[in-house]
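>>> Requesting a structural model of the entry that follows:
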Amino acid sequence: MLSYSKKTYALFFAAIIFVVSALVGCSSQPTEVVKDEVDVEDDQTGTGSTEIVIEHELGTTTIPEQPEKIIALEFSFVDALASLDITPVGIADDGDEARIIAPILEKINDYTSVGTRKQPSLEVISSLQPDLIIADLKRHKEIYEDLQKIAPTIILPSLAGGYDENLASFPIIAQAVGKSEIAEQRLAEHNEIIEAVKAKVPADESRTVLPAVVTNDSFHGHSSDAYTGSLLQKLGFANAIVEEKAGDLQEYLGAPYLKMSLEQLVEFNPDILFLMKSGDKTVVEEWAENPLWNSISAVKNGAVYEVDRDTWSRFRGLISSEIIAQDSLNFLYGQTIE
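Residues are numbered from 1 along each chain as shown. Predicted structure coming up:
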């Protein structure tokens, strides 16, 4: 009996030693598990891969908290990113880097062209493996689902948006890229510039203004609903396109860029013309030989100004609008802001 008891105790202690050894062996594993748990906590505090939800024109999109590879499918979005010191990995630049205006080109680094704004290349976009795509409501609504399959996509107004609509997109983009605080400061600076220009426009300024894109075969006036028209109106200039008379004018791409004949332009009779020329020869050269052209107030009074189309029409952002505002002040009054 005694030997049996010794054997039993021996087995009992052996079992205890085995269990303890097993537990000690397992205790070497938790270091990695705890580290993973810390990583999760770090994610929740914004140092990892936390996702955020952005509200936009077509709903909501979940994106990485601080996306690094961003594609901009409109120039206004490039303007916004440049204002936040961010370079997009891809830009729909219409296959022409020269369209990126100098003050913005100076702020961004190398990028890949993803084709035209009207028809960006989904294949090139996909090859860049973006983690955020910013697209235009008017141009890209129909390919939104295709873009979403490539990367999280937010849709914002650009082409058909006025000054206020485009300006409202800036803080949304800033939120999406984790730069809201910087955006607040930049927006305050922008508003100061616009207000400074506005303050120099005489309170009794009564002349009507018409910004227009002119090509070799067309003249598109920008109404007060269009970006440049609404910006100039904000500065204190009345748009020459009176809404009651604009009903018969054809919009370009469903946006407030109104195609006009010379006869229609004469009817609106702007006091100031800002012409955004495309190409060396435009319809204006042809119209200049017609007596009707010389009957327009802006022509008679020498108030026809040629301006850069990329800056005045295509970019629709903080940087470009500040240039437009200061250009206007200089053209019309020979003034600048300090």
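
>>> For Asn239, give the beta-bridge partners.
Beta-bridge partners recorded for Asn239 (DSSP bridges): Val209.

>>> residue contacts, it?
By CB atoms under 8 Å, 6 or more residues apart in numbering, Asn239 lies in contact with 208-210, 223-224, 229, 232-233. No exception for glycine: its C-beta is placed from N, CA and C like everyone else's.

>>> repeat that with 7 Å
By CB atoms under 7 Å, 6 or more residues apart in numbering, the residues touching Asn239 are 208-210, 223-224, 229, 233.

>>> now do Asp146
With contact set as CB under 7 Å, 6+ apart, Asp146 has these partners: Leu122.

>>> So which bits of the helix or strand containing it are buried?
Assigning secondary structure by DSSP states H and E places Asp146 in helix 144-150. Within helix 144-150, the residues scored as buried using 16 or more other CB atoms under 10 Å are 144, 147, 150.

>>> what's the answer for stretch 278-292, then?
Residues 282-284, 287 are the ones in stretch 278-292 that count as buried (16+ other CB under 10 Å).

>>> With stretch 56-64 instead?
For stretch 56-64, using 16+ other CB under 10 Å, the buried residues are 56-58, 61, 63-64.

>>> circling back: helix or strand next in line after the helix holding Asp146, which one?
Using DSSP H and E, the helix or strand that follows helix 144-150 in sequence is strand 153-156.

>>> Tell me which strands that following strand pairs with, and in which orientation.
According to DSSP bridges, strand 153-156 has the following sheet partners: strand 132-136 (parallel).

>>> just the CA coordinates of the strand it pairs with, formatted as CSV?
This file holds the C-alpha atoms of strand 132-136, laid out as CSV (Å, rounded to 0.1, in the frame of the first residue of the first chain):
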residue,chain,number,x,y,z
LEU,A,132,-9.4,58.1,-52.1
ILE,A,133,-10.9,59.5,-55.4
ILE,A,134,-12.5,62.9,-55.5
ALA,A,135,-14.9,63.2,-58.4
ASP,A,136,-17.4,65.8,-59.9
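
>>> residues in contact with that strand?
63, 67, 70-74, 77, 125, 144, 147, 150-156, 158-159, 173, 176.

>>> Show the average pLDDT along that strand.
What strand 132-136 shows for mean pLDDT is 98.

>>> for that strand, the distance to its chain's centre please.
8 Å (CA atoms, centre = their mean, to the nearest Å).

>>> List the buried residues of it.
Result for strand 132-136 [16+ other CB under 10 Å]: buried residues 132-136.

>>> From those residues, pick the one nearest Ser121.
Nearest to Ser121 among the buried residues of strand 132-136 is Ile133, at 12.5 Å by CB to CB.

>>> Quick check: the gap between that closest one and Leu73.
Per CB to CB, to the nearest Å, Ile133 is found 7 Å from Leu73.

>>> Over to Thr112?
In terms of CB to CB, Thr112 sits 13 Å off from Leu73.

>>> correct me, but Phe170 touches Ala183?
Yes - Phe170 sits in contact with Ala183 when judged by CB atoms under 7 Å, with a separation of 6.2 Å.

>>> Quickly find the element holding Gln326.
When elements are assigned from DSSP H and E, Gln326 belongs to helix 318-333.

>>> Could you list the buried residues of that helix?
Applying 16+ other CB under 10 Å to helix 318-333 flags 318-329, 332 as buried.

>>> I'd like those residues written out as CSV, with pLDDT added.
Formatted as CSV, those follow (pLDDT from 0 to 100):
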residue, pLDDT
Leu318, 98
Ile319, 98
Ser320, 98
Ser321, 98
Glu322, 98
Ile323, 98
Ile324, 98
Ala325, 98
Gln326, 97
Asp327, 97
Ser328, 98
Leu329, 97
Leu332, 97
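
>>> correct me, but Thr112 touches Pro88?
No - with contact defined as CB under 7 Å, Thr112 does not reach Pro88; the gap is 9.0 Å.

>>> More neighbours: which of those two?
Applying other CB atoms under 10 Å to Thr112 and Pro88 shows that Pro88 carries more neighbours, namely 26 against 14.
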